[in-house]
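Asks: Generate a structure from the sequence data that follows.
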Amino acid sequence: MNKKGAFIVIEGLDGSGKTTQTKLLVAKLRRHYNAVYTTEPSKGKIGKFIRSHVLYGDRRFPTAVEALLFAADRLEHIQNEVLPAIAEGQVVISDRYFYSSLAYQGSAGLSLDWIKTINQNALKPDLAIFIDVEPEAVETRLKRRKSVMENMETQRKVRQIYQYFIEKGELVKVDGNQPKALVAAEILDHVLPFLQSRV
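Replies: Numbering: from 1, shown residues only. Okay, here's the model as predicted:
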């Protein structure tokens, strides 16, 4: 039986367990699907620049510049990684995607419509999941060096924008306050029926 490729996105606040859950999902799906993990910023040249100079610089870049860099990295990511994998029938699971730009640059005052415009050529995900955790609950989880966007005020605004897209039906909300295994199970409960419906 041939399985179709798919593009699934996992979103969440910094420290929400998003990366852990994305990798767990890939590992579980590999029992029955050809699943691959990817992330934004990507491992490409623009993504590496973002990690080194935008996220962990001395101060934030102008917000419009941030958004343009993320959009450029996204297009390269889609072209070089995501589309070729989908064409081979793989299920691509991305740790962050387009909604992160809307939430993070939008929370800094940038127009959501403009962010959508510069990302209009980005591939629409087949399924997008948001792991919802209170900003206060995740602050203590960030033991590593924090990026310029990882402060409480920013995270609260970011969550509000994610909530807006949940209400619009573009994101599926998963309760991230549960134990890790239950969060993973809830995510799988959304992903497996979706993939099975595509066979």
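Asks: What average pLDDT does the biggest helix by length in the chain get?
Replies: Identified as the longest helix of the chain according to DSSP state H is helix 180-197. For helix 180-197, mean pLDDT is 97.
Asks: try stretch 71-86
Replies: 98.
Asks: State the pLDDT value of M152.
Replies: pLDDT recorded at M152 is 79.
Asks: what does K116 give?
Replies: pLDDT, K116: 98.
Asks: Give the helix, strand or coil label for it.
Replies: helix (DSSP: H, G, I helix; E, B strand; the rest coil).
Asks: now the strands: where do they sit in the chain?
Replies: 6-12, 35-39, 91-95, 127-132, 172-175 (DSSP state E).
Asks: Any idea which of these gets closest to S111?
Replies: strand 6-12 (19.9 Å; CB to CB). To be clear about C-beta, it is placed using only N, CA and C from the backbone, and glycine gets the same treatment.
Asks: Residues touching that closest one, excluding its own?
Replies: Residues outside strand 6-12 that contact it (CB atoms under 8 Å, 6 or more residues apart in numbering): 18, 21-22, 25, 82, 86, 91-100, 103, 123, 125-133, 162, 171, 176, 187, 191, 194-195, 198.
Asks: Please identify the pairing partners of it and their relative orientation?
Replies: Partner strands and pairing direction for strand 6-12 (DSSP bridges) are strand 91-95 (parallel), strand 127-132 (parallel).
Asks: CA atoms only: put it into PDB for me.
Replies: C-alpha atoms of strand 6-12 as PDB (Å, rounded to 0.1, in the frame of the first residue of the first chain):
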ATOM      1  CA  ALA A   6       2.500  14.900   4.300                       C
ATOM      2  CA  PHE A   7       3.700  18.100   6.000                       C
ATOM      3  CA  ILE A   8       2.900  18.400   9.700                       C
ATOM      4  CA  VAL A   9       3.900  21.300  11.900                       C
ATOM      5  CA  ILE A  10       4.300  21.500  15.600                       C
ATOM      6  CA  GLU A  11       4.200  24.900  17.200                       C
ATOM      7  CA  GLY A  12       4.600  26.200  20.800                       C
END
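Asks: Which parts of the protein are helices?
Replies: 18-29, 45-49, 63-77, 83-87, 98-107, 112-118, 135-139, 152-167, 180-197.
Asks: Please identify the most buried of the ones you listed.
Replies: helix 98-107 (a mean of 24; mean count of other CB atoms under 10 Å).
Asks: Worst mean pLDDT across the helices and strands of this protein, which element?
Replies: Lowest on mean pLDDT, DSSP states H and E among the helices and strands of the chain sits helix 135-139, with a mean of 75.
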